[in-house]
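Peer 1: Coordinates for the following, if possible.
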Amino acid sequence: MNSFLQMISRALLAFIFIISGLGKIAGFDATAGMMAGVGFPAPALLLVGAIALELVGGIALLLGFKARLGAVMLVIFIVPATIIFHVARLGGDPGQMQMEMIQVLKNLAIIGGLLRVVADGAGAFALEKVRSNEV
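Peer 2: Numbering: from 1, shown residues only. Purely as a prediction, here's the structure:
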């Protein structure tokens, strides 16, 4: 049962990043514009990096191939994104502050899940295990 739950939890974590990365591709110009509005230098270049981290890390996590590395990549992505886009907006309008706090707490929970993958690995249902004939 635990092996199955590990696979499900990896997939649920991965989907957030894969869908987000695909959404950034679909709305590339709008996302780059939003990043420029926050003050990012070379927003298109940084956006390509963010998309790569989300997609490569998310797919690694989903498949359970280099899942620890994928989880580290996603933590590297989500920590600064949380600080820049959510923690920085915690002041001001109470309604906006509540929404940003929800985003911060959500991201902290995701980071917790990713760190669990870093600590424990992908689990039994993972390409890493099939490739090394451990299944």
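Peer 1: How about the contacts made by the nearest residue to Ser20 once chain neighbours are set aside?
Peer 2: Leaving aside its chain neighbours, Ser20 sits nearest to Glu54 (5.5 Å; criterion: C-beta to C-beta, 6 or more residues apart in numbering). Heads up, the C-betas are built off the backbone N, CA and C, glycines and all. Shown in contact with Glu54 (C-beta atoms under 8 Å, 6 or more residues apart in numbering): Phe17, Ile18, Ser20, Gly21, Lys24, Leu74, Phe77.
Peer 1: are any of the residues you listed buried, and which?
Peer 2: Phe17, Ile18, Ser20, Gly21, Lys24, Leu74, Phe77 (16 or more other C-beta atoms under 10 Å).
Peer 1: tell me which residues in the helix or strand in which the residue nearest to Ser20 is found are buried?
Peer 2: Following DSSP states H and E, one finds Glu54 within helix 43-63. Going by neighbour count (16+ other C-beta under 10 Å), the buried part of helix 43-63 is 43, 47, 50-51, 53-63.
Peer 1: could you dump the helix or strand just after it to PDB, C-alpha only?
Peer 2: Following helix 43-63 in sequence order, the next helix or strand is helix 67-85 (DSSP H and E). Listed in PDB are the C-alpha atoms of helix 67-85, where the atom choice follows Å, rounded to 0.1, in the frame of the first residue of the first chain:
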ATOM      1  CA  ALA A  67      13.100  11.700  -8.800                       C
ATOM      2  CA  ARG A  68      15.300  13.100  -6.100                       C
ATOM      3  CA  LEU A  69      17.100  15.400  -8.600                       C
ATOM      4  CA  GLY A  70      13.700  16.400 -10.100                       C
ATOM      5  CA  ALA A  71      12.400  17.300  -6.600                       C
ATOM      6  CA  VAL A  72      15.500  19.400  -5.900                       C
ATOM      7  CA  MET A  73      15.000  21.200  -9.200                       C
ATOM      8  CA  LEU A  74      11.400  22.000  -8.200                       C
ATOM      9  CA  VAL A  75      12.400  23.200  -4.800                       C
ATOM     10  CA  ILE A  76      15.000  25.500  -6.500                       C
ATOM     11  CA  PHE A  77      12.200  26.800  -8.600                       C
ATOM     12  CA  ILE A  78       9.400  27.200  -6.000                       C
ATOM     13  CA  VAL A  79      11.400  28.800  -3.100                       C
ATOM     14  CA  PRO A  80      12.300  32.000  -5.000                       C
ATOM     15  CA  ALA A  81       9.000  32.100  -6.800                       C
ATOM     16  CA  THR A  82       7.200  32.000  -3.500                       C
ATOM     17  CA  ILE A  83       9.300  34.800  -2.100                       C
ATOM     18  CA  ILE A  84       9.200  37.000  -5.200                       C
ATOM     19  CA  PHE A  85       5.500  36.500  -6.200                       C
END
